[in-house]
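S.K.: Show me the folded form of this:
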Amino acid sequence: MYPPAVDLDLSPEHSLLRETIRAFMLGEVDGQVDEHEKARRFPRQIVDRLGSLGWLGIPFPEDEGGSGLDTLAYAIAVEEIGRVWGSLGLIVAAHTSLGCGPLHMSGSAAQKHQFLVPMAEGKVIGAYGLTEPGAGSDSGGTRTTARFEAGTDGGSWVIDGGKRFITNAGQAGTYIVTARTGTRPRAGGEGDGGAEISAFIVPADTPGFSIGRLEEKMGLHASATGELIFEGARVPAANLLGERGDGFRIALRTLDGGRISIGALAVGLAQAALDAAIPYAQTRRQFGRPIGTFQGVAFMVADMATEIEAARQLVWRAAWLKDQDRDYGLAAAQAKLFASEVSARATNAAIQVHGGYGYIEEYKVERFLRDAKLTEIGEGTSQIQRLVIARKILGLRVV
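M.R.: Modelled structure (predicted):
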(Lines give C-alpha, C1' and ligand atoms only; values in the text may rest on other atoms or scores of the structure.)
Protein backbone atom coordinates (compact mmCIF):
# COMPACT_ATOMS: atom_id res chain seq x y z
CA MET A 1 0.00 0.00 0.00
CA TYR A 2 1.27 3.44 -0.90
CA PRO A 3 1.69 6.04 1.88
CA PRO A 4 -0.73 8.98 1.93
CA ALA A 5 -0.09 11.57 -0.75
CA VAL A 6 1.58 14.84 0.20
CA ASP A 7 -1.04 17.57 0.59
CA LEU A 8 0.27 20.76 -1.03
CA ASP A 9 -2.95 22.75 -0.52
CA LEU A 10 -3.16 25.48 2.08
CA SER A 11 -5.41 24.75 5.04
CA PRO A 12 -8.76 26.58 5.13
CA GLU A 13 -7.35 28.81 7.88
CA HIS A 14 -4.30 29.78 5.85
CA SER A 15 -6.41 30.37 2.75
CA LEU A 16 -8.81 32.59 4.68
CA LEU A 17 -5.92 34.62 6.12
CA ARG A 18 -4.48 35.05 2.63
CA GLU A 19 -7.80 36.23 1.22
CA THR A 20 -8.44 38.55 4.17
CA ILE A 21 -5.07 40.28 3.95
CA ARG A 22 -5.33 40.54 0.16
CA ALA A 23 -8.76 42.19 0.44
CA PHE A 24 -7.55 44.58 3.15
CA MET A 25 -4.46 45.61 1.20
CA LEU A 26 -6.41 46.26 -2.00
CA GLY A 27 -9.40 47.88 -0.32
CA GLU A 28 -7.80 50.02 2.39
CA VAL A 29 -4.10 50.43 1.59
CA ASP A 30 -3.47 50.34 -2.17
CA GLY A 31 -4.77 53.86 -2.75
CA GLN A 32 -2.31 55.35 -0.23
CA VAL A 33 0.89 53.74 -1.50
CA ASP A 34 1.96 56.32 -4.08
CA GLU A 35 1.36 59.22 -1.72
CA HIS A 36 3.57 57.76 1.00
CA GLU A 37 6.28 56.57 -1.40
CA LYS A 38 6.62 59.96 -3.07
CA ALA A 39 6.71 61.76 0.28
CA ARG A 40 9.06 59.10 1.72
CA ARG A 41 6.70 59.03 4.68
CA PHE A 42 6.51 56.18 7.16
CA PRO A 43 2.89 54.88 7.20
CA ARG A 44 2.42 55.01 10.94
CA GLN A 45 -1.38 54.95 10.91
CA ILE A 46 -1.46 51.94 8.59
CA VAL A 47 1.11 50.09 10.70
CA ASP A 48 -0.99 50.79 13.78
CA ARG A 49 -4.01 49.42 11.92
CA LEU A 50 -2.12 46.20 11.15
CA GLY A 51 -1.30 45.96 14.83
CA SER A 52 -4.94 46.30 15.81
CA LEU A 53 -5.77 43.45 13.41
CA GLY A 54 -3.19 41.22 15.10
CA TRP A 55 -0.89 41.08 12.07
CA LEU A 56 2.27 42.31 13.82
CA GLY A 57 2.51 39.25 16.02
CA ILE A 58 1.21 36.48 13.79
CA PRO A 59 3.71 33.68 14.61
CA PHE A 60 3.86 34.20 18.38
CA PRO A 61 1.76 32.55 21.11
CA GLU A 62 -1.19 34.42 22.55
CA ASP A 63 0.42 34.57 26.00
CA GLU A 64 3.27 36.54 24.39
CA GLY A 65 0.86 39.00 22.80
CA GLY A 66 0.72 37.25 19.44
CA SER A 67 -2.03 35.79 17.29
CA GLY A 68 -1.09 32.18 18.03
CA LEU A 69 -0.64 31.30 14.35
CA ASP A 70 2.41 29.75 12.68
CA THR A 71 5.36 30.71 10.50
CA LEU A 72 3.55 29.68 7.33
CA ALA A 73 0.74 32.10 8.17
CA TYR A 74 3.34 34.80 8.76
CA ALA A 75 5.05 34.11 5.40
CA ILE A 76 1.69 34.29 3.64
CA ALA A 77 0.95 37.62 5.35
CA VAL A 78 4.27 39.19 4.37
CA GLU A 79 3.85 38.02 0.77
CA GLU A 80 0.36 39.50 0.47
CA ILE A 81 1.36 42.77 2.13
CA GLY A 82 4.47 43.05 -0.06
CA ARG A 83 2.44 42.21 -3.14
CA VAL A 84 0.71 45.57 -2.74
CA TRP A 85 3.36 47.58 -0.91
CA GLY A 86 6.97 46.53 -0.52
CA SER A 87 7.78 49.16 2.10
CA LEU A 88 4.99 47.96 4.37
CA GLY A 89 6.01 44.34 3.89
CA LEU A 90 9.55 45.21 4.96
CA ILE A 91 8.34 47.15 8.00
CA VAL A 92 6.30 44.14 9.13
CA ALA A 93 9.10 41.66 8.41
CA ALA A 94 11.72 43.67 10.31
CA HIS A 95 9.41 44.23 13.26
CA THR A 96 8.27 40.62 13.50
CA SER A 97 11.36 38.58 12.60
CA LEU A 98 14.11 40.90 13.79
CA GLY A 99 12.47 42.88 16.57
CA CYS A 100 10.15 40.32 18.15
CA GLY A 101 11.98 37.15 17.05
CA PRO A 102 15.01 37.38 19.39
CA LEU A 103 12.77 38.11 22.38
CA HIS A 104 10.56 35.14 21.56
CA MET A 105 13.57 32.83 21.20
CA SER A 106 15.80 34.03 24.03
CA GLY A 107 13.85 36.37 26.29
CA SER A 108 13.10 35.59 29.92
CA ALA A 109 9.51 35.53 31.12
CA ALA A 110 9.93 39.03 32.56
CA GLN A 111 11.49 40.36 29.33
CA LYS A 112 8.70 38.89 27.24
CA HIS A 113 6.06 40.43 29.48
CA GLN A 114 7.70 43.86 29.48
CA PHE A 115 8.86 44.09 25.87
CA LEU A 116 7.53 41.33 23.61
CA VAL A 117 3.85 41.48 24.56
CA PRO A 118 3.36 45.14 23.55
CA MET A 119 5.38 44.55 20.38
CA ALA A 120 3.44 41.46 19.31
CA GLU A 121 0.19 43.29 20.12
CA GLY A 122 1.27 46.01 17.70
CA LYS A 123 1.50 48.74 20.33
CA VAL A 124 5.29 49.12 19.95
CA ILE A 125 7.36 48.67 16.80
CA GLY A 126 10.55 46.64 17.01
CA ALA A 127 13.93 46.80 15.25
CA TYR A 128 17.23 44.93 15.29
CA GLY A 129 20.66 46.57 15.45
CA LEU A 130 23.28 44.20 14.03
CA THR A 131 24.87 45.82 10.96
CA GLU A 132 27.61 48.41 11.42
CA PRO A 133 29.58 50.60 8.99
CA GLY A 134 32.43 48.08 9.10
CA ALA A 135 30.43 44.94 9.90
CA GLY A 136 27.88 43.99 7.26
CA SER A 137 28.22 40.44 6.00
CA ASP A 138 30.93 40.04 8.68
CA SER A 139 28.56 40.36 11.61
CA GLY A 140 31.27 38.91 13.84
CA GLY A 141 33.25 42.11 13.20
CA THR A 142 31.03 44.09 15.58
CA ARG A 143 32.80 47.14 17.07
CA THR A 144 29.99 48.49 19.24
CA THR A 145 30.93 47.76 22.86
CA ALA A 146 29.07 47.23 26.10
CA ARG A 147 30.76 47.32 29.50
CA PHE A 148 29.20 46.25 32.76
CA GLU A 149 29.11 48.65 35.70
CA ALA A 150 28.13 47.37 39.12
CA GLY A 151 25.56 49.32 41.09
CA THR A 152 22.21 49.19 42.76
CA ASP A 153 19.47 47.07 41.25
CA GLY A 154 21.99 44.65 39.76
CA GLY A 155 24.11 47.13 37.85
CA SER A 156 23.90 48.24 34.24
CA TRP A 157 25.47 47.93 30.80
CA VAL A 158 26.92 50.99 29.08
CA ILE A 159 26.85 50.81 25.28
CA ASP A 160 29.07 52.84 22.93
CA GLY A 161 29.23 52.68 19.14
CA GLY A 162 26.87 52.76 16.21
CA LYS A 163 24.76 50.68 13.86
CA ARG A 164 23.85 51.36 10.24
CA PHE A 165 21.15 50.37 7.71
CA ILE A 166 18.69 49.56 10.50
CA THR A 167 15.10 49.07 9.33
CA ASN A 168 12.46 50.90 11.39
CA ALA A 169 15.12 53.24 12.81
CA GLY A 170 13.46 56.19 14.49
CA GLN A 171 10.06 54.49 14.43
CA ALA A 172 10.73 51.56 16.76
CA GLY A 173 10.11 51.74 20.48
CA THR A 174 12.31 48.73 21.27
CA TYR A 175 15.64 47.78 19.67
CA ILE A 176 17.56 44.53 20.03
CA VAL A 177 21.25 45.45 19.73
CA THR A 178 24.46 43.40 19.55
CA ALA A 179 27.69 44.60 21.17
CA ARG A 180 31.13 43.31 22.14
CA THR A 181 31.32 42.51 25.83
CA GLY A 182 34.83 41.06 25.83
CA THR A 183 36.83 38.33 24.13
CA ARG A 184 36.30 34.61 24.11
CA PRO A 185 39.03 32.50 25.73
CA ARG A 186 41.17 30.35 23.50
CA ALA A 187 40.54 26.62 23.54
CA GLY A 188 43.53 26.06 25.80
CA GLY A 189 42.94 28.88 28.26
CA GLU A 190 43.38 32.65 28.39
CA GLY A 191 43.79 34.84 25.37
CA ASP A 192 41.89 36.35 22.49
CA GLY A 193 39.72 33.70 20.91
CA GLY A 194 37.58 36.25 19.06
CA ALA A 195 34.94 38.77 20.02
CA GLU A 196 32.42 37.90 22.69
CA ILE A 197 29.13 39.25 21.33
CA SER A 198 26.11 39.80 23.55
CA ALA A 199 22.61 41.07 22.83
CA PHE A 200 20.73 43.83 24.65
CA ILE A 201 17.21 45.24 24.78
CA VAL A 202 17.39 49.00 24.27
CA PRO A 203 14.20 51.08 24.67
CA ALA A 204 14.02 54.07 22.33
CA ASP A 205 14.05 56.55 25.25
CA THR A 206 17.31 55.22 26.72
CA PRO A 207 19.61 58.13 27.71
CA GLY A 208 22.67 58.21 25.45
CA PHE A 209 20.85 56.50 22.57
CA SER A 210 19.83 58.48 19.50
CA ILE A 211 18.97 58.12 15.82
CA GLY A 212 21.49 59.42 13.29
CA ARG A 213 20.98 59.94 9.58
CA LEU A 214 18.03 58.39 7.80
CA GLU A 215 19.04 56.96 4.43
CA GLU A 216 17.79 58.11 1.02
CA LYS A 217 17.32 54.74 -0.64
CA MET A 218 16.94 53.34 -4.13
CA GLY A 219 13.58 51.83 -3.22
CA LEU A 220 11.24 51.03 -0.34
CA HIS A 221 10.92 54.77 0.20
CA ALA A 222 8.18 54.63 2.84
CA SER A 223 10.22 52.42 5.16
CA ALA A 224 12.70 54.03 7.56
CA THR A 225 16.35 52.95 7.37
CA GLY A 226 18.93 54.72 9.49
CA GLU A 227 21.76 54.89 11.99
CA LEU A 228 21.65 54.05 15.67
CA ILE A 229 24.10 56.00 17.84
CA PHE A 230 25.19 54.93 21.33
CA GLU A 231 27.10 57.41 23.46
CA GLY A 232 27.28 55.93 26.92
CA ALA A 233 23.77 54.52 26.53
CA ARG A 234 22.94 52.84 29.82
CA VAL A 235 20.49 49.94 30.15
CA PRO A 236 19.72 47.84 33.23
CA ALA A 237 21.57 44.55 33.67
CA ALA A 238 18.17 42.88 33.30
CA ASN A 239 18.14 44.02 29.63
CA LEU A 240 20.85 41.53 28.68
CA LEU A 241 19.08 39.16 26.27
CA GLY A 242 20.02 35.54 26.89
CA GLU A 243 23.37 34.87 28.51
CA ARG A 244 26.48 36.96 28.15
CA GLY A 245 28.20 35.91 24.93
CA ASP A 246 24.99 34.59 23.36
CA GLY A 247 24.65 37.50 20.95
CA PHE A 248 26.22 35.87 17.91
CA ARG A 249 24.18 32.69 18.35
CA ILE A 250 21.01 34.75 18.74
CA ALA A 251 21.92 36.71 15.60
CA LEU A 252 22.36 33.56 13.53
CA ARG A 253 19.03 32.15 14.67
CA THR A 254 17.34 35.48 14.08
CA LEU A 255 18.72 35.72 10.54
CA ASP A 256 17.59 32.17 9.76
CA GLY A 257 14.01 33.13 10.60
CA GLY A 258 14.31 36.52 8.94
CA ARG A 259 15.31 34.90 5.66
CA ILE A 260 11.90 33.29 5.43
CA SER A 261 10.19 36.67 5.68
CA ILE A 262 12.53 38.33 3.16
CA GLY A 263 11.92 35.41 0.81
CA ALA A 264 8.17 35.94 1.26
CA LEU A 265 8.55 39.66 0.57
CA ALA A 266 10.52 38.84 -2.59
CA VAL A 267 7.75 36.53 -3.77
CA GLY A 268 5.15 39.23 -3.12
CA LEU A 269 7.06 41.79 -5.18
CA ALA A 270 7.58 39.29 -7.99
CA GLN A 271 3.88 38.41 -7.96
CA ALA A 272 3.00 42.10 -8.14
CA ALA A 273 5.16 42.38 -11.26
CA LEU A 274 3.41 39.40 -12.82
CA ASP A 275 0.01 40.81 -11.84
CA ALA A 276 0.90 43.93 -13.82
CA ALA A 277 2.49 42.16 -16.79
CA ILE A 278 -0.39 39.77 -17.57
CA PRO A 279 -3.18 42.30 -18.29
CA TYR A 280 -0.73 44.58 -20.08
CA ALA A 281 0.37 41.75 -22.38
CA GLN A 282 -3.27 40.88 -23.00
CA THR A 283 -4.40 44.41 -23.94
CA ARG A 284 -1.38 46.28 -25.32
CA ARG A 285 -1.45 45.97 -29.11
CA GLN A 286 1.42 46.20 -31.56
CA PHE A 287 1.45 45.18 -35.20
CA GLY A 288 -2.32 44.77 -34.98
CA ARG A 289 -2.37 42.15 -32.20
CA PRO A 290 -1.89 41.84 -28.40
CA ILE A 291 1.80 41.72 -27.52
CA GLY A 292 1.11 38.59 -25.47
CA THR A 293 0.62 36.66 -28.72
CA PHE A 294 4.30 37.13 -29.57
CA GLN A 295 6.59 34.43 -28.20
CA GLY A 296 9.15 37.01 -27.07
CA VAL A 297 6.63 38.40 -24.58
CA ALA A 298 4.64 35.23 -23.87
CA PHE A 299 7.75 33.27 -22.89
CA MET A 300 8.83 36.00 -20.45
CA VAL A 301 5.44 35.78 -18.74
CA ALA A 302 5.65 31.97 -18.69
CA ASP A 303 9.10 32.08 -17.06
CA MET A 304 7.93 34.64 -14.51
CA ALA A 305 4.92 32.56 -13.48
CA THR A 306 6.93 29.34 -13.22
CA GLU A 307 9.80 30.79 -11.20
CA ILE A 308 7.48 32.68 -8.85
CA GLU A 309 5.56 29.52 -8.01
CA ALA A 310 8.81 27.63 -7.40
CA ALA A 311 10.05 30.41 -5.13
CA ARG A 312 6.78 30.47 -3.21
CA GLN A 313 6.97 26.73 -2.56
CA LEU A 314 10.55 27.04 -1.29
CA VAL A 315 9.50 29.79 1.13
CA TRP A 316 6.48 27.84 2.33
CA ARG A 317 8.59 24.70 2.81
CA ALA A 318 11.11 26.58 4.96
CA ALA A 319 8.25 28.00 7.02
CA TRP A 320 6.70 24.54 7.40
CA LEU A 321 9.99 23.04 8.56
CA LYS A 322 10.32 25.77 11.19
CA ASP A 323 6.78 25.09 12.36
CA GLN A 324 7.64 21.39 12.69
CA ASP A 325 10.63 22.27 14.92
CA ARG A 326 12.93 20.76 12.33
CA ASP A 327 16.24 22.15 11.08
CA TYR A 328 15.24 24.84 8.61
CA GLY A 329 18.49 26.80 8.20
CA LEU A 330 19.40 25.30 4.83
CA ALA A 331 15.83 25.59 3.51
CA ALA A 332 15.59 29.22 4.64
CA ALA A 333 18.85 30.16 2.92
CA GLN A 334 17.78 28.37 -0.28
CA ALA A 335 14.36 30.03 -0.21
CA LYS A 336 15.76 33.49 0.39
CA LEU A 337 18.44 33.11 -2.29
CA PHE A 338 16.12 31.79 -4.97
CA ALA A 339 13.14 34.02 -4.18
CA SER A 340 15.22 37.21 -4.12
CA GLU A 341 16.89 36.46 -7.44
CA VAL A 342 13.55 35.43 -8.98
CA SER A 343 12.14 38.74 -7.75
CA ALA A 344 14.93 40.63 -9.50
CA ARG A 345 14.34 38.74 -12.75
CA ALA A 346 10.56 38.97 -12.61
CA THR A 347 10.42 42.68 -11.85
CA ASN A 348 12.94 43.38 -14.60
CA ALA A 349 10.91 41.26 -17.03
CA ALA A 350 7.74 43.15 -16.14
CA ILE A 351 9.42 46.40 -17.16
CA GLN A 352 10.51 44.79 -20.41
CA VAL A 353 6.97 43.64 -21.12
CA HIS A 354 5.75 47.20 -20.57
CA GLY A 355 8.45 48.65 -22.81
CA GLY A 356 8.80 52.41 -22.47
CA TYR A 357 5.78 52.59 -20.18
CA GLY A 358 7.58 50.32 -17.73
CA TYR A 359 10.26 52.94 -17.25
CA ILE A 360 7.91 55.66 -16.02
CA GLU A 361 6.45 55.91 -12.53
CA GLU A 362 2.81 55.90 -13.65
CA TYR A 363 2.85 52.14 -14.30
CA LYS A 364 4.43 51.17 -10.94
CA VAL A 365 6.52 48.28 -12.28
CA GLU A 366 9.67 50.37 -11.98
CA ARG A 367 8.95 50.61 -8.23
CA PHE A 368 8.71 46.84 -7.97
CA LEU A 369 12.19 46.52 -9.49
CA ARG A 370 13.69 49.11 -7.14
CA ASP A 371 12.07 47.50 -4.11
CA ALA A 372 13.07 43.97 -5.10
CA LYS A 373 16.79 44.77 -5.10
CA LEU A 374 16.83 45.00 -1.32
CA THR A 375 15.81 41.34 -1.02
CA GLU A 376 19.14 40.30 -2.58
CA ILE A 377 21.00 42.25 0.12
CA GLY A 378 19.06 42.26 3.39
CA GLU A 379 19.28 39.33 5.84
CA GLY A 380 22.52 38.28 4.14
CA THR A 381 23.49 38.92 0.53
CA SER A 382 23.05 36.31 -2.17
CA GLN A 383 26.75 35.56 -1.81
CA ILE A 384 26.35 34.89 1.92
CA GLN A 385 23.36 32.62 1.21
CA ARG A 386 25.50 30.60 -1.18
CA LEU A 387 28.18 30.29 1.49
CA VAL A 388 25.60 29.09 4.03
CA ILE A 389 24.16 26.57 1.56
CA ALA A 390 27.53 25.28 0.37
CA ARG A 391 28.86 24.84 3.90
CA LYS A 392 25.81 22.87 4.97
CA ILE A 393 25.86 20.65 1.91
CA LEU A 394 29.61 20.07 1.66
CA GLY A 395 30.43 20.06 5.35
CA LEU A 396 33.50 22.16 4.53
CA ARG A 397 34.63 25.63 5.55
CA VAL A 398 33.92 27.37 2.25
CA VAL A 399 35.30 30.95 2.23
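
S.K.: Might you report the residue contacts of Ile229?
M.R.: Gly162, Phe209, Ser210, Ile211, Gly212 (C-beta atoms under 8 Å, 6 or more residues apart in numbering). Glycine gets a C-beta too; all of them are placed from N, C-alpha and C.

S.K.: Just send those back as a markdown table, with neighbour count and secondary structure too.
M.R.: Formatted as a markdown table, those follow (neighbours: other C-beta atoms under 10 Å; DSSP: H, G, I helix; E, B strand; the rest coil):
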| residue | neighbour count | secondary structure |
| --- | --- | --- |
| Gly162 | 17 | strand |
| Phe209 | 21 | strand |
| Ser210 | 15 | strand |
| Ile211 | 16 | strand |
| Gly212 | 15 | strand |
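
S.K.: closest to Thr152 among those?
M.R.: Phe209 (21.2 Å; C-beta to C-beta).

S.K.: Including distance to Thr174 and pLDDT, could the contacts of Ile229 go into CSV?
M.R.: As requested, the contacts of Ile229 are exported to CSV (distance: C-beta to C-beta, whole Å; pLDDT from 0 to 100):
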residue, distance to Thr174, pLDDT
Gly162, 18, 98
Phe209, 11, 98
Ser210, 15, 98
Ile211, 14, 98
Gly212, 18, 97
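
S.K.: Ala331: which of those is nearest?
M.R.: So of the contacts of Ile229, ranked by how close each gets to Ala331 (C-beta to C-beta), first place is Gly162, at 33.7 Å.

S.K.: Ignoring the adjacent residues along the chain, who's closest to the closest one?
M.R.: Once flanking residues are discounted, Gly162 sits nearest to Ile229: 5.2 Å by C-beta to C-beta, 6 or more residues apart in numbering.

S.K.: Please settle this for me: is the one you found part of a strand?
M.R.: Yes. Assigned with DSSP: H, G, I helix; E, B strand; the rest coil, Ile229 falls within a strand.

S.K.: and it, bridged to which residues?
M.R.: Per DSSP bridges, the residues bridged to Ile229 are Gly162, Ser210.

S.K.: mind checking how far it is from Lys217?
M.R.: Per C-beta to C-beta, to the nearest Å, Ile229 is found 19 Å from Lys217.

S.K.: Please apply the same query to Gly66.
M.R.: 30 Å.

S.K.: Compare the two (neighbour count), which wins?
M.R.: More crowded of Gly66 and Lys217, by other C-beta atoms under 10 Å: Gly66, with 23 against 17.

S.K.: surely the more buried one meets Pro59?
M.R.: Yes. Counting by C-beta atoms under 8 Å, Gly66 touches Pro59, with 6.7 Å between them.

S.K.: still on that earlier bit, looking at the contacts of Ile229, spot the one nearest Glu243.
M.R.: Nearest to Glu243 among these is Phe209, at 22.9 Å by C-beta to C-beta.

S.K.: Leaving out the residues flanking it, which one is nearest to the closest one?
M.R.: According to C-beta to C-beta, 6+ apart, the nearest residue to Phe209 is Ala233 (4.1 Å).
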